[in-house]
Structures are given as C-alpha cells and as structure tokens.
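Undergrad: sequence first, then the predicted structure:
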Amino acid sequence: MIWNGITAVALAAVCASASYAGQDPASGKPPAAEQSPAGAKSKVQLDRITAWPKPADKSTLIVDIERLCKARTPEMGTQAHDALKACGASAVPFLLERFGKERDKDAVERLREVLLETTDATQTRLLAKHFTSKSAAERTFALWRTAAFPDPELVAPANAALESVKKQGEKADPDESYSAALCAASAGSSQGMEYLWAAALKQWDSRGVEIRTAIEPLRGPEATKWAIEKAKDGALKEKVAVLRLLAGLGDRSSTSFVRPFLDDSDNTLRVAAVNALRGIVDGDLPLEQLPVFEVIEMAKQWKLKLI
C-alpha cells in the first residue's frame, strides 16, 4: 500500500477558514465533513443508511470503474469519473473493493477522488463494515473517511480496529494505526490518543484539521487532564501540541493552564494559546498565519475576557 505525502487543502465543510487545512493521509484530498469541529453548535440528526443502494446498471458501473483506472486519455478518465459520481452511494462498495486491490498510483488517486465525492455522513455504519477488510488500503480509507463524520455508534468497531493494529506491533502500517485512532476518537473513544499525540507533535500542518475534528467528542475533564500532563517538563513543541489539542478536547477548567501562554515571548505559543481559548470557550476553529501584532492584541483581549 502506498500512502503519499500530504498537502494542506481546506476541508470542504470542516474548515471555516481556508488558512487552516486538513487532508486525506493518503492523497492530500480533503475529508469533506458535515460540520465544523465546533459542531457543537448545530448538530444535525442524520438518517444513516443501512444498506448500499443497488446500482441502476451494475455492468456499466463495473465498466466505468475499469475505464477510470485505465484512463488512457484524460477525457476517458473524466467521463468515467463523472459517470461514477452520478451513481452516488451505489458505486461506493464497488469502488472500495477496487481501491483495495489497485496498485497503480495514478489509478488509486482517481479512485480516491470519486470515493471522496460519493461518501458522506449517512454511510458511516456501512463504511464501518470495511474496517475488517482483507485489504489494508481499504481498511485505512474506511477508517479515515468515517472519522470525518462523528458517529458514537461506531465505538465498538473502531476500538476493535484499533486493537487489531496494536496487536501487529511494529509491523502495523502507520497510516492504518493513525486512521484507526482518528476513527476511535471521532466515535468518542480515547484509546488511540497516543497515536494522535504522535501525529500532533510531528504532522500538525498536514493532519491538524482532521485531528481537531476527531477529538471534539472527547472534550471534558478526563481528556483535559491527559493533555495537560503531556506538557509537564515538555519542550516547546510539546507545549504547542498540547495547546492545539486542548482547542478540541479541553474543558473550561483548562483556561487557567492556557492563560499564562498568552504572555509568552514565543509567538508560536501565543498563537496556540489564542487558538486553544477560541476552541475551549467559544467552540471556534483556529486561526493561522496571524501577524505578531494581531496575536498580541488578541492575547490582550483574551486576558480581559478571562478575568
């Protein structure tokens, strides 16, 4: 299985600011979620489907998947892409099956693009059935994609997937381990937080948005205590990572931990502190690439707000 490097691409509906971005760990494509990490503010009751709809013409669908993978000309690829996208959810199980088997990098990328456009929050229970696929690529995509759509009913299968990768030890694929942890957190389980901690330390620029989205259901005193413990005697990068995580999982009690960082001389810490408070207090998304003078002014405002 080949998982490419990632570029920062804005999330379709997770991100309120184009400067704060996240992506598919395999391709750099955005996990289009239904609501912001603060989702918080307006939860929508979803009707989860319990069976994949049958394609209008299965034979044609299979042919289109083949055309998409071969794509001998750009036009051929575009036509197949559009035809499969038009099939919607009925194409997903067939696309996933081929995705798990395909080895050509370009074909895998084309399959992923269609999968991102044909999967959504209503499908989480069905995507979860792919957590146990024989294909590591298929398992990883299903776990990662499902994590974009928090579903508390998936705690058991997500934790089972996580346990499976843990049992593999050093042989476990890093992206599958990460995706399983992401999915577990999204479902409300903290059992994979060490994987997400490692990602927060080393890969925040590329995975920050999806981590921020996934950990929101964990917000509370237990997760807050766990995060703050990580900052004890930590270096700058540990403290920054903790502040970034607190934006998604910290409860109101954590403001006393965050407040001192508003006066820190290191601007990275100040930005992380401001963003942490935005998440903890207001449920707002982080702001990135802020000018130093603007961060200082925002820090002053937050100090007044916390009095």
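TA: Happy to help now that I have it. Please read these numbers as outputs of a predicted model, since none were measured by experiment.
Undergrad: roughly how far does the residue nearest the centre of the chain sit from Ala148?
TA: When Cα atoms, centre = their mean is applied to the chain, the residue found nearest the centroid is Glu210 (2.7 Å). The spacing between Glu210 and Ala148, counted by Cβ to Cβ, to the nearest Å, is 7 Å. C-betas here are computed from N, CA, C, even on glycine.
Undergrad: just for this structure, where's the confidence low?
TA: Along the chain, the parts satisfying pLDDT under 70 run over 1-45.
Undergrad: other SSEs contacting whatever helix or strand Ile62 lives in?
TA: Ile62 belongs to helix 58-70 when assigned by DSSP states H and E. Packing partners of helix 58-70 (3 or more Cβ pairs under 8 Å, 6 or more residues apart in numbering; DSSP states H and E): helix 74-87, helix 92-101, helix 105-118.
Undergrad: kindly reformat those helices as CSV containing distance to Val155 and mean neighbour count.
TA: Formatted as CSV, the helices and strands packed on helix 58-70 follow (distance: least, Cβ to Cβ, whole Å; neighbours: other Cβ atoms under 10 Å):
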stretch, distance to Val155, mean neighbour count
helix 74-87, 31, 16
helix 92-101, 22, 20
helix 105-118, 24, 19
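Undergrad: could I get these as a markdown table with distance to Ala231?
TA: A markdown table is the format used below for the helices and strands packed on helix 58-70 (distance: least, Cβ to Cβ, whole Å):
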| stretch | distance to Ala231 |
| --- | --- |
| helix 74-87 | 45 |
| helix 92-101 | 39 |
| helix 105-118 | 35 |
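Undergrad: among those, which comes closest to Asn267?
TA: Checking those against Asn267 by Cβ to Cβ gives helix 105-118 as the closest, at 34.8 Å.
Undergrad: and that closest one, how far from the chain's centre?
TA: Here the centre of helix 105-118 is set off from its chain's centre by 17 Å, with Cα atoms, centre = their mean, to the nearest Å.
Undergrad: before we move on, the earlier item: which residues are contacting the helix holding Ile62?
TA: Residues outside helix 58-70 that contact it (Cβ atoms under 8 Å, 6 or more residues apart in numbering) are 55, 76-77, 79-81, 83-84, 87, 90-91, 94-95, 98, 102, 104, 107, 110-111, 114.
Undergrad: 6 Å - rerun?
TA: For helix 58-70, the external contacting residues (Cβ atoms under 6 Å, 6 or more residues apart in numbering) are Pro55, Met76, Ala80, Ala83, Leu84, Cys87, Ala91, Arg98, Ala107, Arg110.
Undergrad: please report phi then psi for the first one.
TA: The phi/psi pair for Pro55 (degrees, to the nearest 10) reads phi -70, psi 150.
Undergrad: enumerate every residue touching it.
TA: Per Cβ under 6 Å, 6+ apart, neighbours of Pro55: Leu61, Cys87, Ser90.
Undergrad: the last one against Pro53, yeah?
TA: Yes - the pair formed by Ser90 and Pro53 meets the contact definition of Cβ atoms under 6 Å, at 4.5 Å.
Undergrad: the two: who's more crowded?
TA: Applying other Cβ atoms under 10 Å to Ser90 and Pro53 shows that Ser90 carries more neighbours, namely 18 against 12.
Undergrad: quick one: that one and Asp264, what's the gap?
TA: Separation of Ser90 from Asp264 (Cβ to Cβ): 53 Å.
Undergrad: secondary structure element holding Lys166?
TA: Of the helices and strands defined by DSSP H and E, Lys166 is found in helix 155-167.
Undergrad: okay then, goodbye and thanks.
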